[in-house]
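Trainee: this is a predicted model, with the sequence first.
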Amino acid sequence: MENDTNITWHEHRVTREERERLHGHRGCVIWFTGLSGSGKSTLANVVDHMLAARGIKSAVLDGDNVRHGLNAAPGMLKESHGEAFADRFGLGFSAIDREENIRRIGAVAQLFCEAGTIALTAFISPYRIDRDRVRATMREGDFIEVFVDTPLEVCEQRDPKGLYKKARAGQIRHFTGIDDPYEAPSAPELTLRAGEHTPEALAGEVIDDLVKRGILPESD
Ligand SMILES: Nc1ncnc2c1ncn2[C@@H]1O[C@H](COP(=O)(O)OS(=O)(=O)O)[C@@H](OP(=O)(O)O)[C@H]1O
Ligand SMILES: Nc1ncnc2c1ncn2[C@@H]1O[C@H](COP(=O)(O)OP(=O)(O)O)[C@@H](O)[C@H]1O
């Protein structure tokens with residue numbers, strides 16, 4: 001007999017509204033999506049820094065970092081947990097592993113949001129359906145999709161980790177933009193031409209948008 005659906009949702013003693021009142025701003029998820037090297041992590045960190053300077057509660061969830069812990073690759077889990085566990089729970093870059101990566105991050109980001117915090121996520125999240133599924137789990141207005149729209153040529157020229165070079169040489173397979181797809185958002189809340197402006201200018205656009213949406217108060 002299956003027992004895994006006998007799980008009950010518990011309401012929290014401190015409600016989201018109370019936390020948001022205490023914090024003086026709303027919680028939300030700012031979902032940066034774009035190619036590797038497009039500037040997602042840089043932007044998430046500059047926005048985070050600007051928010052911290054204003055006393056806003058925020059947290060960054062970054063692809064490269066999360067893939068060291070919560071969503072570690074099979075190869076990283078093998079030594080500590082054994083091969084069977086690593087194969088079952090480790091996440092690589094196949095379409096289904098990326099789907100699960102985004103599902104887990106979506107769930108974590110939602111917890112931050114419900115705690116009245118601004119979660120800034122920086123994942124390639126190449127599939128529209130995976131991003132839309134995260135959006136669908138959230139309340140209207142909580143999911144702010146930001147398309148970090150940097151042309152592939154610019155990302156490839158930046159290539160800070162040398163991954164595009166390796167992908168072109170066939171040393172990495174299923175690399176987004178080279179031999180794996182990237183599906184641009186069809187109706188993002190914000191599109192940033194991230195190849196043409198400084199991270200500070202782009203982060204300023206994000207902050208202005210949050211004020212416009214009533215997530216942040218007007219600055220004094
Ligand atoms: N095959 C392949 N395709 C794309 N990216 C790859 C791949 N292999 C490793 N990397 C490195 O992993 C980072 C992307 O991880 P994400 O969790 O953001 O990817 S995804 O959302 O699940 O598609 C990505 O980091 P960013 O450059 O910060 O985007 C790469 O450094
Ligand atoms: N707006 C920008 N203009 C110029 N260079 C940028 C900009 N944003 C990021 N970079 C640089 O591009 C590279 C990739 O940025 P990163 O934030 O790591 O991208 P991603 O997280 O999307 O892989 C880094 O070397 C970073 O310094």
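Mentor: Good, I have the coordinates. Numbering: from 1, shown residues only. Ligands and ions are numbered 1, 2, ... in the order given.

Trainee: chain center to stretch 25-39: distance?
Mentor: 5 Å (CA atoms, centre = their mean, to the nearest Å).

Trainee: can you tell me if it touches ligand 1.
Mentor: Yes - interface with ligand 1: stretch 25-39 contributes 36-37 (CB under 6 Å from any ligand atom). For every residue, glycine as well, the C-beta is placed using N, CA and C.

Trainee: which residues touch the host helix or strand of residue 191?
Mentor: Using DSSP states H and E, residue 191 maps to strand 190-192. With CB atoms under 8 Å, 6 or more residues apart in numbering as the contact definition, strand 190-192 has outside contacts at 43, 144-149, 185, 202, 205-206, 209.

Trainee: which among the residues you listed gets closest to ligand 1?
Mentor: Among the contacts of strand 190-192, residue 148 lies closest to ligand 1 (CB to the nearest ligand atom), at 9.7 Å.

Trainee: show me what contacts the closest residue in space to that closest one that isn't next to it in sequence?
Mentor: When the adjacent residues along the chain are set aside, residue 148 lies closest to residue 34, with 3.3 Å between them (CB to CB, 6 or more residues apart in numbering). Contact analysis of residue 34 by CB under 8 Å, 6+ apart lists 40, 124, 147-150, 182, 194.

Trainee: next, format those residues as JSON lines and append pLDDT and neighbour count.
Mentor: Below are the contacts of residue 34 laid out as JSON lines (pLDDT from 0 to 100; neighbours: other CB atoms under 10 Å):
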{"residue": "40", "pLDDT": "97", "neighbour count": "28"}
{"residue": "124", "pLDDT": "98", "neighbour count": "23"}
{"residue": "147", "pLDDT": "98", "neighbour count": "21"}
{"residue": "148", "pLDDT": "98", "neighbour count": "27"}
{"residue": "149", "pLDDT": "98", "neighbour count": "20"}
{"residue": "150", "pLDDT": "97", "neighbour count": "20"}
{"residue": "182", "pLDDT": "98", "neighbour count": "18"}
{"residue": "194", "pLDDT": "90", "neighbour count": "26"}
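
Trainee: between those residues, which is closest to ligand 2?
Mentor: For the contacts of residue 34, the nearest to ligand 2 is residue 40 (3.5 Å; CB to the nearest ligand atom).

Trainee: follow-up on the earlier one: run through the contacts of strand 190-192 and flag the ones next to ligand 2.
Mentor: residue 202.

Trainee: in helices only, show me the contacts of strand 190-192.
Mentor: Counting by DSSP state H, the contacts of strand 190-192 place 43, 202, 205-206, 209 in helices.

Trainee: out of these, who has the most neighbours?
Mentor: In terms of neighbours by other CB atoms under 10 Å, those top out with residue 43 at 25 neighbours.
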